[in-house]
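*Asks:* predicted model and sequence follow; I will ask about them next.
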Amino acid sequence: MNKPVVDCPVCQTKVVYEPASRFRPFCSERCKLIDLGDWAAENHRIADKSAVNPELGEAYLAELEAELMDQDNAFFK
């Protein structure tokens, strides 16, 4: 049975995808850490496919911000 071969997501090196490939799907610990760093730096993201709430438009957010500023200023008076 042929073992599947995949490309390392970072450097595109061919990697045999099997338990003996310790860092699969990456070719090395270095590539694994580079990818982890990219996720931590938010260079990779999972798209949010939820519907956008039309009530949260720019005009609504501006009104809400003004209202909160008025409340905050009233606190210090």
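*Replies:* Arrived safely.

*Asks:* which helix in the protein runs the most residues?
*Replies:* Assignment by DSSP state H gives helix 58-75 as the longest helix of the chain.

*Asks:* and what about the residue most central in space within the chain, helix, strand or coil?
*Replies:* Compute the mean C-alpha point of the chain, and by Cα atoms, centre = their mean the closest residue is residue 45, 2.6 Å away. For residue 45, the assignment made with DSSP: H, G, I helix; E, B strand; the rest coil gives coil.

*Asks:* show me the contacts for it.
*Replies:* When the contact criterion is Cβ atoms under 8 Å, 6 or more residues apart in numbering, residue 45 has no partners at all. Just so you know, the C-beta spots here come from the backbone N, C-alpha and C atoms, and that holds for glycine as well.

*Asks:* ok, it to residue 12 distance?
*Replies:* Going from residue 45 to residue 12 by Cβ to Cβ, to the nearest Å gives 21 Å.

*Asks:* with residue 49 instead?
*Replies:* Distance of residue 49 to residue 12, computed by Cβ to Cβ: 28 Å.
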